[in-house]
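Asks: generate coordinates for the sequence data below:
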Amino acid sequence: MNILSADSISKAFSERWLFKNISFGISVGEKVALVGANGSGKTTLMNILSGLIPTDEGVVSTRKGITVGYLPQQPTFDENATIWQAIFTAENEAVAAIKDYENALKHNDEKALHRAIESMERLNAWDYEAKIKQVLGRLGIPDEETPVKVLSGGQKKRVALAKLLLQDADLLILDEPTNHLDIEAIEWLEGWLNTQKQSILLVTHDRYFLDSITNVILELEDGQIFKYNGNYSYFLEKKAERIEQMTTEVSKAKNLMKKELDWIRRQPKARGTKAKYRVEAFEDIKDKANTKVGAQAGIEINVGMSRMGKKILEIENLTKKYDDLVLIKDFEYTFKRGDRIGVVGKNGIGKSTFLNLLTGKEQPDSGTISKGDNTMFGYFTQTELVVDENKRVIEVVKDVAEVLQTGTGEVITATQLLNLFNFPPKTQYDIVSKLSGGEKKRLQLLQILIRNPNFLILDEPTNDLDIQTLNILEDFLMSFGGCLLVVSHDRYFMDRLVDHIFIFEGEGKIRDFAGNYSDYRTEKLEEERLEMEKNKVGKSYKQENVKIESPKTNNVSTSNGKETKRKVSFKEQKEYENLALEISKLETEKTGVISKLNGGSGSHTELTQWSARIGELDGMIEEKTFRWLELAELM
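Replies: Predicted coordinates for the structure are as follows:
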């Protein structure tokens with residue numbers, strides 16, 4: 001049963017129809033991805049579905065009692081509000097009790113704490129408090145008393161996402177939810193959304209995220225909607241089949257059109273009914289024959305690059321800090337020809353500062369960065385395109401170069417180059433101010449590549465780019481012969497392009513890891529598993545020794561030398577009760593996953609995911625069981 005329906009809706013922008021007469025629905029529990037090229041109308045469609053803008057034609061309806069939560073690309077808040085006020089604009093009793101509890105703890109006010117605990121107990125707010133802490137912590141939200149007006153655009157996006165996740169809406173509409181999140185936060189969000197019962201409609205360029213979460217793909221192409229019942233991998237497979245079928249039909253239509261065109265030209269005007277019918281049929285055939293099929297398929301970019309010298313870039317004892325915050329400490333590396341390096345780490349840990357140091361935009365506190373004479377940087381930053389907004393797109397490109405020599409020695413014009421980057425002739429003569437955010441990013445990237453750099457430095461290049469453009473960019477970077485240094489939260493992008501990574505681990509330490517991101521993630525999970533096993537053995541050993549030495553583990557010594565039984569805190573009591581429920585839920589989920597795995601009906605991707613999930617569940621069950629046993633002794 002649909003909780004949201006779009007019936008024959010249409011929307012035009014200026015004189016162009018973004019989409020016309022499209023219909024679809026979203027059912028309970030469906031996790032739907034909307035895909036399509038930049039400028040195809042994805043954000044406009046989401047704004048319509050969210051009720052922010054009207055349709056030109058058709059109707060959008062939601063089932064009675066359904067609540068819809070929307071995450072826009074650029075959320076807005078009351079600038080004078082704190083983060084807490086921005087997230088909980090409509091304060092309820094549970095939220096007020098949680099706030100009182102937090103304040104009482106912060107100010108060590110025993111009376112206020114006692115009252116707050118009573119309110120928390122009466123309103124059953126403990127679970128909600130844990131949920132708030134998890135969401136704010138995992139998304140890297142700063143202190144909740146921080147004013148919204150001092151936050152960056154990325155921080156505001158994370159606050160908006162936290163607000164949405166805590167709303168408990170029936171349908172979540174998410175426009176690029178992974179932008180401005182580091183990889184760890186993306187992986188947490190992926191897990192969170194996978195365990196929620198809410199229906200979801202999202203736009204994202206993160207292909208791993210798409211593949212993991214979605215079970216329905218809606219493709220917006222040439223003003224039409226195509227639906228695929230499966231994840232992103234399934235969509236790619238079925239779209240290829242659809243294009244192949246359409247290619248055959250278009251080829252037949254073109255052959256038929258030639259015959260019909262010959263007939264039309266040979267006949268005198270004003271024929272009878274039969275002739276008129278044939279003329280009308282000819283128009284239909286012409287439309288079909290002119291259909292664009294896989295318009296972006298087969299695009300190749302082979303931009304040349306400046307000659308590299310023997311010395312490329314050498315870093316010795318590099319150190320950078322701000323006040324007491326050490327970002328980089330005594331880092332050394334000598335870049336070699338063909339290096340393809342990814343840079344990963346939490347937000348705010350110093351990745352962009354590192355890139356600015358390499359390119360001379362910032363100076364180190366100590367150490368040296370020595371660039372080779374022939375090393376030519378191409379630096380793509382997170383800042384927006386800075387050009388005259390009244391210039392035409394083609395003028396922006398021609399300001400850099402009229403023509404470009406490719407890696408194979410060919411010369412292509414600015415117009416041809418823009419075509420390669422999905423700027424059709426009509427768009428090339430648009431003024432820059434009319435471009436979408438993604439189109440401006442594409443133009444910014446193009447400006448850098450046509451300068452023929454031999455050392456590309458890309459800081460979050462995937463933000464605001466559609467998947468088609470990402471594929472084009474990846475194909476170019478795969479054949480790029482120079483050095484590549486890229487900061488990105490897009491795991492697919494990193495896995496495809498880099499062969500080792502710099503990991504910013506904090507306190508100035510940068511680790512050089514041989515392998516791509518998935519290799520690093522696999523190793524990290526194994527390290528965490530071994531550490532967990534080590535901790536469990538240590539806890540078990542400690543418990544055994546405590547029991548042997550002193551059976552009265554709940555007793556503590558008082559000032560007069562007597563022993564008295566330690567009281568269990570209220571928080572421990574609640575934790576003990578919740579753990580039993582959590583363990584039961586995890587066991588139930590594990591049984592269900594094992595049943596799916598034994599059924600053998602899943603795809604290869606699903607079987608892999610289910611197997612990995614069983615391992616995760618085993619780890620969580622063991623950890624929570626040990627904690628439950630610890631608390632049981634105190635009880």
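Asks: what number of residues are in the vicinity of the closest residue to N38 other than its chain neighbours?
Replies: Excluding the flanking residues, the one nearest N38 by CB to CB, 6 or more residues apart in numbering is G438, at 3.5 Å. Where you see a C-beta, it was placed from the backbone N, CA and C, and this is true even at glycine. Per other CB atoms under 10 Å, the neighbour tally for G438 reads 21.
Asks: now swap in the one 5 residues further on and tell me
Replies: Neighbours of L443 under the rule other CB under 10 Å: 19.
Asks: how about K111?
Replies: 8.
Asks: what does L417 give?
Replies: 21.
Asks: which helix or strand contains it?
Replies: Using DSSP states H and E, L417 sits in helix 414-420.
Asks: now the helices for the stretch 51-200 of the chain?
Replies: For the stretch 51-200 of the chain, the helices defined by DSSP state H, counting those that start in this stretch cover 83-87, 93-107, 110-123, 126-138, 153-165, 183-195.
Asks: follow-up on the earlier one: so the residue nearest to N38 makes contact with T469?
Replies: Yes. Here G438 lies in contact with T469, judged by CB atoms under 8 Å, at a distance of 7.3 Å.
Asks: quick check: buried residues in stretch 504-516?
Replies: Within stretch 504-516, the residues that count as buried by 16 or more other CB atoms under 10 Å are F504, G508, I510, F513, G515, N516.
Asks: output it as CSV, nothing but the C-alphas.
Replies: What follows is stretch 504-516, C-alpha atoms only, in CSV (Å, rounded to 0.1, in the frame of the first residue of the first chain):
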residue,chain,number,x,y,z
PHE,A,504,44.9,10.7,9.8
GLU,A,505,44.7,9.0,13.2
GLY,A,506,44.7,12.1,15.4
GLU,A,507,47.4,13.8,17.6
GLY,A,508,49.4,14.6,14.4
LYS,A,509,49.9,11.0,13.4
ILE,A,510,49.5,10.1,9.7
ARG,A,511,49.7,6.4,8.8
ASP,A,512,50.7,5.2,5.3
PHE,A,513,48.6,2.1,4.6
ALA,A,514,49.3,-0.1,1.5
GLY,A,515,45.9,-0.8,0.0
ASN,A,516,42.6,0.9,-0.9
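Asks: averaged pLDDT, it. What do you get?
Replies: Rounded to a whole number, the mean pLDDT of stretch 504-516 is 92.
Asks: roughly how far is that stretch from the heart of the chain?
Replies: 22 Å (CA atoms, centre = their mean, to the nearest Å).
Asks: spatially central residue in this protein, please.
Replies: By CA atoms, centre = their mean, the chain has its centre lying nearest to T178, at 2.6 Å.
Asks: just the pLDDT for it.
Replies: On the pLDDT scale, T178 gets 91.
Asks: ok, residues contacting stretch 188-202?
Replies: Contacts to stretch 188-202, defined as CB atoms under 8 Å, 6 or more residues apart in numbering, come from residues 3-4, 26-34, 46, 49, 138-139, 161, 165, 168-175, 177-178, 181, 208-209, 212-214.
Asks: ok, of those, which come out buried?
Replies: Neighbour-count burial (16+ other CB under 10 Å) applied to the contacts of stretch 188-202 gives 3-4, 26, 30-34, 46, 49, 138-139, 161, 165, 169-175, 177-178, 181, 208-209, 212-214.
Asks: in strands only, show me those residues.
Replies: I3, L4, I26, K31, V32, A33, L34, L171, L172, I173, L174, D175 (DSSP state E).
Asks: now the fifth one: how far from L202?
Replies: According to CB to CB, to the nearest Å, V32 and L202 sit 7 Å apart.
Asks: shared neighbours, those two?
Replies: T214.
Asks: for G438 and T469, list the residues in contact with both.
Replies: In contact with both G438 and T469: N38, using CB under 8 Å, 6+ apart.
Asks: quick revisit: surely the residue nearest to the centre of the chain and H489 touch.
Replies: Yes. Judged on CB under 8 Å, T178 makes contact with H489 at a distance of 6.5 Å.
Asks: list residues touching both of these two?
Replies: By CB under 8 Å, 6+ apart, T178 and H489 have these common neighbours: I186, D206.
Asks: ranges for the strands of the stretch 301-450 of the chain?
Replies: Assigned by DSSP state E, counting those that start in this stretch, the stretch 301-450 of the chain shows strands spanning 313-322, 325-335, 340-344, 366-371, 377-380, 403-405, 411-413.
Asks: tabulate those (a markdown table), appending distance to M532, mean pLDDT and mean neighbour count.
Replies: As requested, the strands of the stretch 301-450 of the chain are exported to a markdown table (distance: least, CB to CB, whole Å; pLDDT from 0 to 100; neighbours: other CB atoms under 10 Å):
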| stretch | distance to M532 | mean pLDDT | mean neighbour count |
| --- | --- | --- | --- |
| strand 313-322 | 33 | 94 | 16 |
| strand 325-335 | 29 | 94 | 17 |
| strand 340-344 | 22 | 95 | 23 |
| strand 366-371 | 37 | 94 | 14 |
| strand 377-380 | 39 | 91 | 21 |
| strand 403-405 | 54 | 68 | 15 |
| strand 411-413 | 56 | 77 | 14 |
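Asks: picking that back up, out of the helices of the stretch 51-200 of the chain, flag the one nearest E332.
Replies: helix 183-195 (24.9 Å; CB to CB).
Asks: pull out the buried positions in that closest one.
Replies: So, applying 16+ other CB under 10 Å, buried residues of helix 183-195: I183, E184, A185, I186, E187, W188, L189, E190, L193.
Asks: gap between the first one and I501?
Replies: It stands for I183. Distance of I183 to I501, computed by CB to CB: 11 Å.
Asks: identify the contacts common to the two.
Replies: Contact criterion CB under 8 Å, 6+ apart; residues shared by I183 and I501: V344, Y517.
Asks: start and end of stretch 491-508, how far apart?
Replies: Distance between the boundary residues of stretch 491-508 (CA to CA, to the nearest Å) amounts to 24 Å.
Asks: on the three-state scheme, E249 is what?
Replies: Going by DSSP: H, G, I helix; E, B strand; the rest coil, the secondary structure assigned to E249 is helix.
Asks: and it, what's its pLDDT?
Replies: At E249, the pLDDT value in this model is 72.
Asks: between the ones in strands among the buried ones among the contacts of stretch 188-202, which is closest to H107?
Replies: Using CB to CB, these come closest to H107 at L172, 36.0 Å.
Asks: so the closest one makes contact with K163?
Replies: No. With contacts counted by CB under 8 Å, L172 stays clear of K163, the gap being 11.5 Å.
Asks: got the phi/psi numbers for the spatially closest residue to A401 that is not a sequence neighbour?
Replies: Using CB to CB, 6+ apart and skipping residues adjacent in sequence, the residue nearest A401 is I450, 5.3 Å away. For I450, the backbone dihedrals (degrees, to the nearest 10) come out as phi -80, psi 0.
Asks: I450 against L418, yeah?
Replies: No. Counting by CB under 8 Å, I450 stays clear of L418, with 10.1 Å between them.
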